[in-house]
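I'd like to go over a predicted model; first the sequence, then the structure.
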Amino acid sequence: MQEELIYSKNIVTPEGIEDGYLRISQGKIVSITDKVPFDFKGPITDAEHLYLMPGLVDPHVHINEPGRTHWEGFETATLAAAASGITTLVDMPLNSSPVTINEHNFQIKLKASEDKLNVNVGFWGGVVPGNENELDDLLKGGVLGLKAFMTHSGIDDFPNSEYHELKNALLTLKKYGRPLLVHCELSADHPGIEKHKGNPTSYKDYLASRPKDWENKAIEQMIQLCRETKSHVHIVHLSSAEALSMIEEAKAEGLPLSVETAQHYLVFCAEEIPDGTTMYKCAPPIREKANNELLWQALKDGLISFVATDHSPAPPELKESESGNLYKAWGGIAGLQFALSSFWTAAHERGFTVTDVAKWLAENPADFLQMKNKGRLVAGADADLFIWNPKAKISIGENEIHHRHKISPYANREWLGQVIATYVNGVKVYENGMLKNPHQGHVLLKK
C-alpha cells in the first residue's frame, strides 16, 4: 500500500485545527507535521483550504441484509455512508431476516456482508424473550453489544423485552464490559391512538399517539435497571426533552448511562411537517421545536453524548408514500447520506463549529464503541478520514442518493457541507460523487 501525504490548512484534530501535512502509510496515520517529512517520496494531495476531518462514526444503522436487502443492503448503505464522510457504522440486529439474536444468525449476517463493505462495519446483537442462553455466544462471536426494545419493534420476529429479560441481558453484558442499547418507549392505550386511526394522514395526531410519557417512563425504568446492575445502559434516539432531568440526575449519581439522539430530532420539528408526508414518520416521533432546542442544549452540555442517524429505510409501498397514511406507514427515516450536511447546517446556525461536529459525530461515538483508533486524527489512528468544504451549499436529488430507495425528508433541500473525498483504511473510496475503490471496509468484531 503506497504512502500518501495530504496537505490542508484545516486539519481537525482533538487539540484544534492545524495547518500541516497528514501522512498515511499501511492504513494508519503516521504523523501530522508542519513540513513535508524529509524521507517522504510518495504522492502529495493538496487540499488547500478544504477541511480534513476524522471519518464519522455512526453506531445506529439498519442495513437489513440478509432477508430484506430490497429495503437496503450492505453495498448501498456503505456507499451512502462514504458519501457523507462516515467511515465506520454499526448495523442493528433487525430488520434483517434472520434477526441477529444468536450466533448462527450472526454468521449468516457476516457471510452476507462479504465483499460488499465500502466502509467499516460492526454489529449489534439482539435481546428478545427466550434468547437469554444465546447472549454469551453472540458476545463471544464479536458483536459490540446488545439491543433491546421496550415496545413493539415493528418486526414480529424481534419482540420487545420485559424487565427481567433486560436485567438478565445487563448482567450478561457486565461480564464483557459492553452496552445494552434500548429503544425506550413503554406503550399504553390512550385516546390519541384511536384518534390517529380515524385521521391517519395527520402528523399532529400521529405525534399525539406516541406521547413523551411513553419515553419518560421507559427511561425511568432503564435508569433503575442501570442502578441495580451497575451495567452500561445506552438510550438510543432520545426525542423527549422531558427525560433530560432524570438523565442528568443519573449521571450525577455516577451511573454508567449514555444517551444518543438522531439528526432528524435536531433538524426537523413537528410544526413544519405537512400532513400525509410519511417520510418523516419514525418512532419516537419528531417533536416540537421547543422540545428539540432543549436536545441541542443537552448535546452542548454533554448529557447527550453523540448523534447517530438511526437510518431505517423501507420500500415506497411500506412507507405508504402514495396514500400518506401515517398510521400504516413503516416508521423509519432514511438519512445516512445526509448525516453530515444536515447536522452541520443546523449546528452552524446555532453557532457550533466543525470541531463540535468532529466531537459529536466522530470522536464521542468512537469512544462509546471503545474504538480509540477511530474518530480522531492523531498519529497511530486508523486512516479513516474525509476532505470536505463546510461552506459549500449542496442539494441532493434522487439521482445523487445512494440509498437503495430515494425516499428521504432530507432530499432536495439546501444544506451546507460538501464531501470531496473519503478515505477508509488509508484508501480513497469516494471522490466527487463517485465510488473510487470499492469494498475497502473491514468487519469490526469485539473479542
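Thanks, I have the structure now.

what's the neighbour count on Pro274?
Using other C-beta atoms under 10 Å, Pro274 has 9 neighbouring residues. Every residue, glycine included, has its C-beta placed from N, CA and C.

and the helix ranked longest in the chain, which residues are buried?
For the chain, the longest helix by residue count, based on DSSP state H, is helix 212-229. By 16 or more other C-beta atoms under 10 Å, the buried positions in helix 212-229 come out as 212, 214-219, 221-223, 225-226, 229.

by contact count, what packs against that helix?
For helix 212-229, the elements it packs on are helix 163-176, strand 233-235, helix 244-252, strand 257-261, judged by 3 or more C-beta pairs under 8 Å, 6 or more residues apart in numbering; DSSP states H and E.

now that helix and strand 257-261, what's the angle there?
150 degrees (axes from the mean of the first three to the mean of the last three C-alpha atoms, to 10 degrees).

name the element Val357 belongs to?
Here Val357, judged by DSSP states H and E, is contained in helix 354-358.

return the alpha-carbon coordinates of that helix using PDB.
The C-alpha coordinates for helix 354-358 follow below in PDB (Å, rounded to 0.1, in the frame of the first residue of the first chain):
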ATOM      1  CA  VAL A 354     -16.500  21.900  12.800                       C
ATOM      2  CA  THR A 355     -14.600  20.800  15.900                       C
ATOM      3  CA  ASP A 356     -18.000  20.300  17.600                       C
ATOM      4  CA  VAL A 357     -19.100  18.200  14.600                       C
ATOM      5  CA  ALA A 358     -15.900  16.100  14.900                       C
END
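
can you list contacts of the longest helix of the chain?
For helix 212-229, the external contacting residues (C-beta atoms under 8 Å, 6 or more residues apart in numbering) are 150-151, 163, 166-167, 170-171, 174, 182, 184-188, 232-233, 235, 238-243, 246-247, 250, 253, 255-257, 284, 287, 291.

related to what we said a few turns ago, tell me the mean pLDDT over the helix holding Val357?
Helix 354-358 shows a mean pLDDT of 98.

how about the longest helix of the chain as PDB, C-alpha atoms only?
Extracted as PDB, the C-alpha positions of helix 212-229 are listed here (Å, rounded to 0.1, in the frame of the first residue of the first chain):
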ATOM      1  CA  LYS A 212     -43.400  11.800  25.600                       C
ATOM      2  CA  ASP A 213     -44.700  10.000  28.700                       C
ATOM      3  CA  TRP A 214     -44.000   6.700  26.900                       C
ATOM      4  CA  GLU A 215     -40.400   7.600  26.600                       C
ATOM      5  CA  ASN A 216     -40.100   9.200  30.000                       C
ATOM      6  CA  LYS A 217     -41.400   6.100  31.800                       C
ATOM      7  CA  ALA A 218     -39.200   3.700  29.800                       C
ATOM      8  CA  ILE A 219     -36.100   5.800  30.600                       C
ATOM      9  CA  GLU A 220     -37.000   5.900  34.200                       C
ATOM     10  CA  GLN A 221     -37.200   2.100  34.200                       C
ATOM     11  CA  MET A 222     -33.800   1.800  32.400                       C
ATOM     12  CA  ILE A 223     -32.200   4.100  34.900                       C
ATOM     13  CA  GLN A 224     -33.400   1.900  37.700                       C
ATOM     14  CA  LEU A 225     -32.000  -1.200  36.000                       C
ATOM     15  CA  CYS A 226     -28.700   0.700  35.500                       C
ATOM     16  CA  ARG A 227     -28.700   1.400  39.200                       C
ATOM     17  CA  GLU A 228     -29.500  -2.200  40.100                       C
ATOM     18  CA  THR A 229     -26.900  -3.800  37.800                       C
END
